[in-house]
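Asker: Here is a sequence together with a model predicted from it:
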Amino acid sequence: MKTPFAVILFAGACAASTVPAIAAPADTKQVYTATVDKAGNDYKVDRVRCNSLTGNPKDVCIAQAKAAQVYTEANAKARYKNTIDATTDGRKAVAEADYDVEKAKCGSLTGNPRDVCIKEAKANLVAAVADAKADRKVTEARADARDDKRNADYKVEIEKCDAYAGDPKKACLADVKAQFGK
């Protein structure tokens, strides 16, 4: 199965943005807005370039220009919001845009080759959406596991404080709560 390069590139960028916020700070509103504006302007320039073409090559060119805009905007939104939902939604949007490009490329074919091409494009879309959903579940599961481990470690440290009495115990509890942010 062929996986469009934009999906692979976006998936890698999103995977990097799904780690804790400490490792990948979210973009500011200004960066997000500037990126979206640039994507819109780039689309307009690409669209004008497509006007020199005719027929199916023009349709493919337009679909590619739109896909580039969707990719840039989805990536910017995922970095700005820095959430699992935004990342998953972005990956789905990129998959849809790639599907549109692949369908446009199928437009030059006729008969059974066209039908096969469209089915392959649909299969690639379904696979990309399924991967986005699966990656979301994996990310959520890892976050849950990390939280469970942290809570277990917290309980162990609290239990260790029970060996003390009075002020040393209070100090120990305060240190543990500060360490775990509780």
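Answerer: Perfect, thanks for sending it. Numbering: from 1, shown residues only.

Asker: just the helices in the chain please.
Answerer: With DSSP state H as the criterion, the chain has helices at 5-17, 29-50, 55-81, 84-106, 111-161, 167-180.

Asker: and these as JSON lines, adding mean neighbour count and mean pLDDT?
Answerer: All C-beta atoms are positioned from the backbone trio N, CA, C, and that covers glycine. Rendered in JSON lines, the data for the helices of the chain read as follows (neighbours: other C-beta atoms under 10 Å; pLDDT from 0 to 100):
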{"stretch": "helix 5-17", "mean neighbour count": "17", "mean pLDDT": "48"}
{"stretch": "helix 29-50", "mean neighbour count": "14", "mean pLDDT": "94"}
{"stretch": "helix 55-81", "mean neighbour count": "20", "mean pLDDT": "95"}
{"stretch": "helix 84-106", "mean neighbour count": "21", "mean pLDDT": "95"}
{"stretch": "helix 111-161", "mean neighbour count": "13", "mean pLDDT": "95"}
{"stretch": "helix 167-180", "mean neighbour count": "13", "mean pLDDT": "93"}
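
Asker: Mind telling me which residue is nearest the centre of the protein?
Answerer: Thr87 (2.8 Å; C-alpha atoms, centre = their mean).

Asker: phi, psi of Thr110?
Answerer: Dihedral angles of Thr110 (phi, psi; degrees, to the nearest 10) stand at phi -140, psi 160.

Asker: you'd agree the residue nearest to the centre of the chain is up against Ala78?
Answerer: Yes: the pair Thr87 and Ala78 qualifies as a contact (C-beta atoms under 8 Å) at a distance of 4.6 Å.

Asker: residues touching Arg136, list them.
Answerer: 84, 87-88 (C-beta atoms under 8 Å, 6 or more residues apart in numbering).

Asker: Out of those residues, which comes closest to Ala145?
Answerer: For those, the residue nearest Ala145 by C-beta to C-beta is Ile84; the value is 14.6 Å.

Asker: Which residues does stretch 26-41 contact?
Answerer: Outside stretch 26-41, the residues within contact range by C-beta under 8 Å, 6+ apart are 68-69, 72-73, 76-77, 79-82.

Asker: again but with stretch 141-150, I slipped
Answerer: Phe180.

Asker: Now do that stretch: distance to the chain's middle.
Answerer: Centre-to-centre, stretch 141-150 and its host chain are 20 Å apart (C-alpha atoms, centre = their mean, to the nearest Å).

Asker: before we move on, what about stretch 62-78?
Answerer: Relative to its chain's centre, stretch 62-78 lies at 12 Å (C-alpha atoms, centre = their mean).

Asker: again, but for stretch 145-154
Answerer: Relative to the centre of its chain, stretch 145-154 is centred 26 Å away, using C-alpha atoms, centre = their mean.
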